[in-house]
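please find the sequence and the predicted model below.
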Amino acid sequence: MQKLLQKVHWHVQGMLNVLETCLVIARKQFVWYLVQLTDETKLDGSNLNYVAKFKYLGHIIDNRLCDDLDIEREIKKFIHQN
């Protein structure tokens with residue numbers, strides 16, 4: 001049983017490593033795409049404008065794909081409530 005658990009752990013760890021690598025690559029590609037946006041970029045005929053930050057599912061994300069602003073907002077909210 002222990003050998004089976006070790007094999008499962010090894011496979012899961014391998015999958016996590018692959019997913020982490022994919023995430024790093026995806027973030028780099030997404031940031032590169034954001035940098036490439038210009039005033040002439042269109043989606044269904046409408047202009048897409050470059051923004052320094054945006055809100056996604058209630059979280060503030062900046063153009064570095066960081067949520068530091070959102071964390072700061074949450075901390076200030078918590079301090080204000082207490």
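Happy to help now that I have it. Numbers count the residues shown, from 1 in each chain.

and for residue 73, nearest residue in space, chain neighbours not counted?
Of all residues not flanking residue 73 in the chain, residue 60 sits nearest, at 6.6 Å (C-beta to C-beta, 6 or more residues apart in numbering). All C-beta atoms are positioned from the backbone trio N, CA, C, and that covers glycine.

now the one you found, what's its secondary structure?
strand (DSSP: H, G, I helix; E, B strand; the rest coil).

I'd guessed it sits against residue 71; true?
No: using C-beta atoms under 8 Å, residue 60 is not in contact with residue 71, being 9.0 Å away.

so for the two, which sits in the more crowded spot?
Each of residue 60 and residue 71 has its neighbours counted (other C-beta atoms under 10 Å); residue 60 has more, 17 against 12.

so this structure: which segments form each domain?
The chain breaks down into these domains under automatic domain parsing: 1-50, 51-82.

next one, pLDDT for residue 36 please.
pLDDT recorded at residue 36 is 57.

just the helices in this structure please.
Along the chain, counting by DSSP state H, helices occupy 2-36, 68-81.

from the chain's centre, how far out does the last one sit?
I take that to be helix 68-81. The chain centroid and the centroid of helix 68-81 are separated by 19 Å under C-alpha atoms, centre = their mean, to the nearest Å.

for that helix, buried residues please.
residue 70 (16 or more other C-beta atoms under 10 Å).

show me what it is packed up against.
Contact analysis of helix 68-81 by 3 or more C-beta pairs under 8 Å, 6 or more residues apart in numbering; DSSP states H and E lists strand 59-62 as its packing neighbours.

would you list the strands that the strand it packs on pairs with, along with their directions?
strand 53-56 (antiparallel) (DSSP bridges).

and the contacts of the strand it pairs with?
60-63, 69 (C-beta atoms under 8 Å, 6 or more residues apart in numbering).

buried residues in stretch 51-60, which are they?
residue 60.
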